[in-house]
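Student: what follows is a predicted structure for the sequence shown.
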Number of protein chains: 2
Amino acid sequence: MDVDAAVFDVFGTLTDWRSSVTDVLSDIGGQAGLHADWPTVTDAWRHRYRPALRRILAGELSWRPLDDLHRLTLDEVLAEHGLDALGEADRDALVQAWHRLRPWPDASPGLELIHHTRVVTATLSNGGVGLLARLTKQAGLRFDCILSAELARSYKPDPQAYRTAAELLEVEPQRLLMVACHPDDLEAAAKAGLRTAYIPRPLEWGPAAGRVDPPAVVDLVADDVIGLASALGAPGRTRP
Amino acid sequence: MDVDAAVFDVFGTLTDWRSSVTDVLSDIGGQAGLHADWPTVTDAWRHRYRPALRRILAGELSWRPLDDLHRLTLDEVLAEHGLDALGEADRDALVQAWHRLRPWPDASPGLELIHHTRVVTATLSNGGVGLLARLTKQAGLRFDCILSAELARSYKPDPQAYRTAAELLEVEPQRLLMVACHPDDLEAAAKAGLRTAYIPRPLEWGPAAGRVDPPAVVDLVADDVIGLASALGAPGRTRP
């Protein structure tokens, strides 16, 4: 695949937010003497994410940083699950859990391989620039550039988020590849003129969740980031 | 020095623009059958840079990407030096020379050392995001984030360029270190509330140029990026 740059979704595509956030929730909740099915609380929190984005893109909520959005939906989820006892400091720490997510095992070696090709790599996430810089540094995810929907003061799947990434990288949209495990992200990127690569993450919602169907139209399907690196011309490498 | 993030000037502080651009000028000029004292032409081009920035910050010129500014000043310099024979494609290639600059020898190992500390590193240059992503990738300069005055739609030394960097990184200005070899850059950063580190680059304007005095007020003076890494808590390393 001949492109000049590749931008990557982060939550889900490169990192296992579910197990990472669940660990922090159960730690903090346990220390507060609370009991809950923590993976279910994590899932409920994440399920509130897309509707909240849609409210912002529809103009029902004003644009705000992702941390503020996470805090809003966390308060709702804690109330819903009878976890109101968690205080301010605990809630702040839970929002910060999204800054320190574990990468999938192939993400770091795959990005390192792509870094050594001529393809420029960047994040393109709804997380803010500061969150992404810290998350990728801590997770060992090597990027040539950090881009965020925040730079368009919007959120994916707003077409402006993808177009702003192409403009800042100074590449034509059709020379820019969007990499994600979420069909709606790829469909929106394609509508904005980008090329698309799908990576399945069947464990995103835990071992019991089913496989997500790839989007109807996609330029490339790769097993994981190492497979994507091969498709982008990186020399072969033994899998970790 | 206790800071959360460090942002770096690129042209001069990390890269040897003078010898890099002179090589491209003498190649392209030579192929066009032209003769000139090429280092002098490079210096003349660079000397037009700060006055052009000042015209933009004063509102006399509208904001434009650095490439367009380089093209404007290149046309003036070529006319001034009787090099009008250079065509469009050659002029475009000369502007692109600023995208591929050689790093000073300490820059790459020093940044690698800082990357492995808890301090988040970013560029903060008047070059655009796309230029910086390609330049740092090609030069082997490892950053956790790419920031540009372009993201404030301005140029250093406008205080908004420094404040936007702090906002995007989500750090307090007084927890953000500006690293540069140019006193005016550091003075403007200090006025915007940032901490400052000076690295001398006595060869920036070639071997015949004199040493630049450090700014009157600076929080830290380091010999080079490796020395800065030590000041930021990186473990020791043999110099290259």
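Tutor: Alright, I've got the coordinates. These numbers were taken from a predicted model, which means no experiment stands behind them. Residues are numbered from 1 along each chain as shown, chains lettered A, B, ... in the order given.
Student: against chain B, how distant is the closest residue to A:I226 other than its chain neighbours?
Tutor: What sits nearest to A:I226 in space, not counting adjacent residues and going by C-beta to C-beta, 6 or more residues apart in numbering or on different chains, is A:G110, at 4.3 Å. Just so you know, the C-beta spots here come from the backbone N, C-alpha and C atoms, and that holds for glycine as well. A:G110 sits 17 Å away from chain B, going by C-beta to the nearest C-beta, to the nearest Å.
Student: how about the contacts made by A:G110?
Tutor: Listed by C-beta atoms under 8 Å, 6 or more residues apart in numbering or on different chains, the contact set of A:G110 reads A:224-229.
Student: also A:R91?
Tutor: A:71, A:74-75, A:78.
Student: so which of those residues is the closest to B:A234?
Tutor: A:R71 (34.3 Å; C-beta to C-beta).
Student: surely that closest one meets A:A93?
Tutor: No - counting by C-beta atoms under 8 Å, A:R71 does not reach A:A93; the two are 11.3 Å apart.
Student: what sits against the closest residue to A:R175 other than its chain neighbours?
Tutor: Leaving out its chain neighbours, the residue that sits closest to A:R175 by C-beta to C-beta, 6+ apart is A:D4, at 4.3 Å. When contacts are counted by C-beta under 8 Å, 6+ apart, A:D4 touches A:118-120, A:169, A:171-172, A:175-176.
Student: just the buried members of the residues you listed?
Tutor: A:119-120, A:169, A:171, A:175-176 (16 or more other C-beta atoms under 10 Å in any protein chain shown).
Student: quick one: residues contacting A:T121.
Tutor: A:T121 is in contact with A:5-8, A:111, A:114-115, A:142-145, counting by C-beta under 8 Å, 6+ apart.
Student: let me have those in CSV, extended by neighbour count.
Tutor: Compiled in CSV, those are given as follows (neighbours: other C-beta atoms under 10 Å in any protein chain shown):
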residue, neighbour count
A:A5, 25
A:A6, 27
A:V7, 26
A:F8, 27
A:L111, 25
A:I114, 26
A:H115, 17
A:R142, 21
A:F143, 28
A:D144, 23
A:C145, 26
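Student: in helices, which of those residues appear?
Tutor: Of the contacts of A:T121, the ones assigned to helices by DSSP state H are A:111, A:114-115.
Student: in a markdown table: those, plus pLDDT.
Tutor: Putting the ones in helices among the contacts of A:T121 into a markdown table (pLDDT from 0 to 100) gives the following:
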| residue | pLDDT |
| --- | --- |
| A:L111 | 98 |
| A:I114 | 98 |
| A:H115 | 97 |
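Student: go through stretch A:66-80 and flag the buried ones.
Tutor: Residues of stretch A:66-80 classed as buried by neighbour count (16+ other C-beta under 10 Å): A:66-67, A:69-70, A:73-74, A:77-78.
Student: turn the contacts of A:T121 into CSV, columns for distance to B:L57.
Tutor: Output for the contacts of A:T121, formatted as CSV (distance: C-beta to C-beta, whole Å):
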residue, distance to B:L57
A:A5, 30
A:A6, 35
A:V7, 31
A:F8, 35
A:L111, 38
A:I114, 38
A:H115, 35
A:R142, 35
A:F143, 31
A:D144, 29
A:C145, 26
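Student: which one of these is nearest to A:L203?
Tutor: A:F8 (17.7 Å).
Student: show me what contacts the closest one?
Tutor: Per C-beta under 8 Å, 6+ apart, neighbours of A:F8: A:14, A:111, A:121-125, A:143, A:179-180.
Student: thinking again about what came up before, of the buried residues of stretch A:66-80, closest to B:H99?
Tutor: A:L66 (31.6 Å).
Student: mind checking the SS state of the nearest residue to the closest one once chain neighbours are set aside?
Tutor: Excluding the flanking residues, the one nearest A:L66 by C-beta to C-beta, 6+ apart is A:G127, at 5.2 Å. Under DSSP: H, G, I helix; E, B strand; the rest coil, A:G127 falls in the coil class.
Student: OK, contacts around A:G127?
Tutor: Contacts of A:G127 by C-beta under 8 Å, 6+ apart are A:10-11, A:66, A:98, A:135, A:148, A:150.
Student: pipe those residues into TSV and attach pLDDT per row.
Tutor: Below are these laid out as TSV (pLDDT from 0 to 100):
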residue	pLDDT
A:V10	98
A:F11	97
A:L66	93
A:W98	96
A:L135	97
A:S148	98
A:E150	96
